[in-house]
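Participant: Just need the structure, nothing else, for what follows:
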Amino acid sequence: MTAKIKQILVNDVAINIHSTKEEDFICLTDMAKAREGENRSADIIKNWLRNRGTIEFLGTWEIINNPNFKVVEFDHFKKEAGLPTFVLSVSQWVEQTGAIGLTSKSGRYGGTYAHKDIAFEFGSAISPVFKLYLIKEYQRLKENESNQFNLEWDVKRILTKANYSIHTDAIKNHIIPTLNIDKDKEWITYADEADVLNVALFGCTAKQWKVANPQLALENKNMRDFASINQLTVLSNLEVLNSELIKNKLSKNQRFQYLHRTALQQLAVLDKSNAMKSLQRLSDSTLVEEQKKLKN
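Facilitator: Take a look at the predicted model:
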């Protein structure tokens, strides 16, 4: 995934944040500049790395988060840390231990970056007050991102509902007239066609989802309420596509096969380009887990 650079303003100082693989790395160089100025930022980071408490914190973080961390090399650094002759650079730490919590970037936005957990610890070392302001602005950034994510989800949901009328109109004009059913039974046809889309995209019918999620069904929820932004985008496309296939008089089986292939292709492209939007709107995995059960 392509890395993104974001920026927050802490006490009128710009702090760059390097985001990749859904993880945020905060620029320690910018933080150090805010404390002591540009000329001493490298020394502040270097002195911080010499501290035994820092090495223990970094090593513990890596053990928790990095299965490839080289514990033997870490123990060597831990024994040496704190001695007058001990000197450690970020590149040495990363290369010799396989650490992933610290990294160095060159060029524009260059500097030493640390995972947010480590950056907050560094903040404590240089200024507890600055750390508090940093956390506050970082939380504000994440809240804004969350609001934008939810807004886009809502827009996609509205678009899907709008295209639903196009879908039902095609059913009304091209399928219902060919069936010999009573007026009060027409809803079955609409529901049946909606399930063509549900199975093509989600892998289960509306009824199957309700059976698998009885509590959510009682709350008047449905599987589309738990769809990701990418799934809603594809669903909106499928509604328009199925409308055209209905008009062209393709059989239900032919339409399903075509819709299913299209759903898989479009989701693959969208999820690859933006993994964040492949996440469900809610953090629980209800739909994903129940889909697996229904397929087994």
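
Participant: Contacts only, for Val32.
Facilitator: No Val there; residue 32 is Ala. Ala32 is in contact with 40-42, 44-45, 126, counting by Cβ atoms under 8 Å, 6 or more residues apart in numbering. (C-beta placed from N, C-alpha, C; glycine too.)

Participant: quick one: which of these sit in helices?
Facilitator: 41-42, 44-45, 126 (DSSP state H).

Participant: any weak-confidence spans in the stretch 101-250 of the chain?
Facilitator: 144-166 (pLDDT under 70).

Participant: mind running it again at 80?
Facilitator: Within the stretch 101-250 of the chain, the segments meeting pLDDT under 80 span 107-109, 142-171, 176, 179-188, 190, 219, 224, 229.

Participant: Show me where it has its helices.
Facilitator: 116-126, 128-174, 186-202, 206-212, 214-218, 229-247 (DSSP state H, counting those that start in this stretch).

Participant: would you turn these into JSON lines with mean neighbour count and distance to Val13?
Facilitator: As requested, the helices of the stretch 101-250 of the chain are exported to JSON lines (neighbours: other Cβ atoms under 10 Å; distance: least, Cβ to Cβ, whole Å):
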{"stretch": "helix 116-126", "mean neighbour count": "19", "distance to Val13": "12"}
{"stretch": "helix 128-174", "mean neighbour count": "15", "distance to Val13": "9"}
{"stretch": "helix 186-202", "mean neighbour count": "18", "distance to Val13": "47"}
{"stretch": "helix 206-212", "mean neighbour count": "17", "distance to Val13": "50"}
{"stretch": "helix 214-218", "mean neighbour count": "12", "distance to Val13": "46"}
{"stretch": "helix 229-247", "mean neighbour count": "21", "distance to Val13": "34"}
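
Participant: Which of the ones in helices among the contacts of Ala32 sits closest to Val269?
Facilitator: Comparing the ones in helices among the contacts of Ala32 against Val269 with Cβ to Cβ places Ile45 closest, at 40.8 Å.

Participant: Can you give me the neighbour number for Thr97?
Facilitator: Counted with other Cβ atoms under 10 Å, residues neighbouring Thr97 total 24.

Participant: For PyMOL, what selects the buried ones among the contacts of Ala32?
Facilitator: Buried residues within the contacts of Ala32, by 16 or more other Cβ atoms under 10 Å, are selected in PyMOL with:
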select buried, resi 41+44+45+126
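
Participant: Mind telling me the two of the contacts of Ala32 farthest from one another?
Facilitator: Taking Cβ to Cβ, no two of these sit farther apart than Ala42 and Ile126, at 13.3 Å.

Participant: contacting residues around Asn16?
Facilitator: Contact partners of Asn16, counting by Cβ under 8 Å, 6+ apart, are 5-7, 26-27, 30, 109, 111.

Participant: Of those, select the buried ones using a ChimeraX command.
Facilitator: To isolate the buried subset of the contacts of Asn16 in ChimeraX, counting by 16+ other Cβ under 10 Å, use the following:
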select :26,27,30,109,111
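
Participant: Backbone torsions only: list them for the residue of the chain most remote from its centre.
Facilitator: With distances taken as Cα atoms, centre = their mean, the residue sitting farthest from the centre of the chain turns out to be Asn180, at 47.9 Å. Main-chain torsions, Asn180, degrees, to the nearest 10: phi -100, psi 80.

Participant: quick one on the thing from earlier: now the helices of the stretch 101-250 of the chain as JSON lines including distance to Lys70?
Facilitator: As requested, these are arranged in JSON lines below (distance: least, Cβ to Cβ, whole Å):
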{"stretch": "helix 116-126", "distance to Lys70": "18"}
{"stretch": "helix 128-174", "distance to Lys70": "29"}
{"stretch": "helix 186-202", "distance to Lys70": "43"}
{"stretch": "helix 206-212", "distance to Lys70": "44"}
{"stretch": "helix 214-218", "distance to Lys70": "45"}
{"stretch": "helix 229-247", "distance to Lys70": "38"}
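
Participant: mind checking which of those is nearest Thr60?
Facilitator: When those are compared (using Cβ to Cβ), the closest one is helix 116-126, at 10.5 Å.
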